[in-house]
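Asks: Sequence and predicted structure are below.
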Amino acid sequence: MYFIGFLCLGSVGYIMGGSLPNVQCMENEQEALLKFKEGLVNHWDRLFSWMVEEEADCCKWRGVKCNRTTGHVMALDLHSQSPNESLQGELNYSALLDLPYLTYLAWNLNDFKQSQIPQFTGSLPNLKYLNLSNANFRGNIPSDLGNLSRLHSLDLSSSSYHSLGANNLDWLRGLSSLKILDLGGVDHSKAVNWLNEINMLPSLVELHLFDCNLNKLPSSLPRVNFTSPEIIDLSLNSFNSPIPWPQFPEWLCTQKDLLYIDISDASISDIVPDWFWNISTKVEHMILVSSQLRGKVPDLSPLANFSHLDLGENNFDGPLPRFSANMKSLRLYGNSFSGPISSICEWMVANSSLVDVQLFSNKLSGLLPDC
């Protein structure tokens with residue numbers, strides 16, 4: 001026991017004391033990076049440091065991070081800060097197969113000229129972070145991404161109108177460690193059982209499926225396995241259903257850790273159930289804009305973290321509800337709220353942080369008070 005403890009303390013002291021050996025990157029991994037660079041074009045010369053010279057060390061190159069003790073390349077961060085500095089050209093994908101210890105790969109905000117996401121990406125077994133968002137990829141998402149069993153974060157979102165697509169989300173079943181999933185702007189019109197596949201991700205914390213052409217919003221699940229999301233964004237999906245409108249999703253009642261939820265522009269026509277307003281004591285942002293939701297909004301003042309609420313362009317009625325003293329943005333426009341408008345003075349007195357209030361196009365009465 002004493003010997004083991006001595007080794008542990010010695011190792012910690014070695015790292016913390018700064019007495020690291022002069023470990024450079026592995027020669028074969030440096031050659032792989034240079035091969036990868038060959039097809040890339042950048043007018044701002046972002047990869048100027050990627051040069052072959054005497055005693056060159058790729059661990060010091062821009063965008064490259066190495067393990068401090070082994071010299072293996074662990075991270076390749078080539079994301080662009082602006083369109084002007086984006087990388088372009090053809091990617092030598094196979095070169096990256098010589099970087100087997102890679103855990104972090106970011107190519108977002110570049111321009112890869114409508115090429116397809118490479119199949120090999122699923123052959124990087126240690127990858128934990130993958131961001132290919134807004135990099136001008138097209139075609140179908142390769143299903144071999146499901147081989148990345150250690151992946152924690154996956155971002156394939158795109159602002160190019162549905163240039164990426166997926167026939168199904170079956171491949172997600174292999175990503176049991178996934179915490180963050182962003183497929184916003186990816187065409188999922190053919191993914192019939194999308195929620196069942198999402199339900200197989202028990203560690204999921206963030207779910208972004210906005211503007212995905214999702215056609216069906218199941219109202220329930222036989223058993224909900226993902227219960228820890230803090231962010232759910234299903235906005236800008238024109239869900240349809242044979243009943244004829246989608247019902248309010250009952251499976252949301254299991255999401256007790258939500259901080260942010262957006263199901264706006266989702267064509268849901270239903271009464272919002274009472275449990276939804278108390279879905280999470282942690283909720284901060286709730287966005288339910290432009291659906292066909294109806295019902296009365298209860299007293300929400302006990303939700304101390306609630307700071308942004310947008311219920312615009314729905315069919316809510318009844319008196320204006322009370323809100324948290326920390327509310328910053330309150331948008332209730334385009335509904336049928338009724339009663340005296342003078343109640344807003346109570347909000348202003350109790351809430352000094354309120355900076356955005358939109359109440360137009362309701363059925364409120366009385367003169368606008370001078371608060």
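Replies: Happy to help now that I have it.
Asks: How is residue 34 classified with respect to secondary structure?
Replies: With DSSP: H, G, I helix; E, B strand; the rest coil as the basis, residue 34 sits in helix.
Asks: ok, now which ones touch the residue nearest to residue 141 when sequence neighbours are not counted?
Replies: The shortest distance from residue 141 to any non-neighbouring residue, by C-beta to C-beta, 6 or more residues apart in numbering, is to residue 166 (4.7 Å). To be clear about C-beta, it is placed using only N, CA and C from the backbone, and glycine gets the same treatment. Counting by C-beta atoms under 8 Å, 6 or more residues apart in numbering, residue 166 touches 140, 141, 183, 186, 187, 188, 190, 191.
Asks: helix/strand/coil for the last one?
Replies: Here residue 191 is recorded as coil under three-state DSSP.
Asks: pLDDT value on it, please?
Replies: On the pLDDT scale, residue 191 is placed at 92.
Asks: didn't it look like it was pressed against residue 165?
Replies: No - with contact defined as C-beta atoms under 8 Å, residue 191 does not count as touching residue 165 (9.1 Å).
Asks: Counting neighbours, go ahead and name the busier of the two.
Replies: Between residue 191 and residue 165, counted using other C-beta atoms under 10 Å, the more crowded position is residue 191 (23 against 17).
Asks: Pull up the gap between that one and residue 239, please.
Replies: 13 Å (C-beta to C-beta, to the nearest Å).
Asks: Need the residues touching each of the two.
Replies: Common neighbours of residue 191 and residue 239 (C-beta under 8 Å, 6+ apart) are residue 214.
Asks: returning to that earlier point: quick one: which of the contacts of residue 166 is most hemmed in?
Replies: residue 183 (27 neighbours).
Asks: For that one, give me its contacts.
Replies: For residue 183, the contacting residues are 156, 157, 166, 208, 209, 212, by C-beta under 8 Å, 6+ apart.
Asks: Quickly note the distance from the third one to residue 173.
Replies: Distance check for residue 166 against residue 173: by C-beta to C-beta, it reads 13 Å.
Asks: swap in the second one?
Replies: When C-beta to C-beta is applied, the distance between residue 157 and residue 173 equals 21 Å.
Asks: the more surrounded of those two?
Replies: Neighbour totals were compared for residue 157 and residue 173, and residue 157 leads with 22 against 12 (other C-beta under 10 Å).
Asks: Quick check, residue 252 in contact with residue 277.
Replies: No - using C-beta under 8 Å, residue 252 is not in contact with residue 277, being 11.6 Å away.
Asks: Those two - which one has more neighbours?
Replies: Ranked by neighbour count (other C-beta under 10 Å), residue 252 and residue 277 place residue 252 first, with 20 against 17.
Asks: distance of that one from residue 71?
Replies: Counting by C-beta to C-beta, the gap from residue 252 to residue 71 is 48 Å.
Asks: now do residue 63
Replies: Distance, residue 63 to residue 71, using C-beta to C-beta: 17 Å.
Asks: can you check residue 171 too?
Replies: In terms of C-beta to C-beta, residue 171 sits 33 Å off from residue 71.
Asks: repeat for residue 23
Replies: Taking C-beta to C-beta, one finds residue 23 at 4 Å from residue 71.
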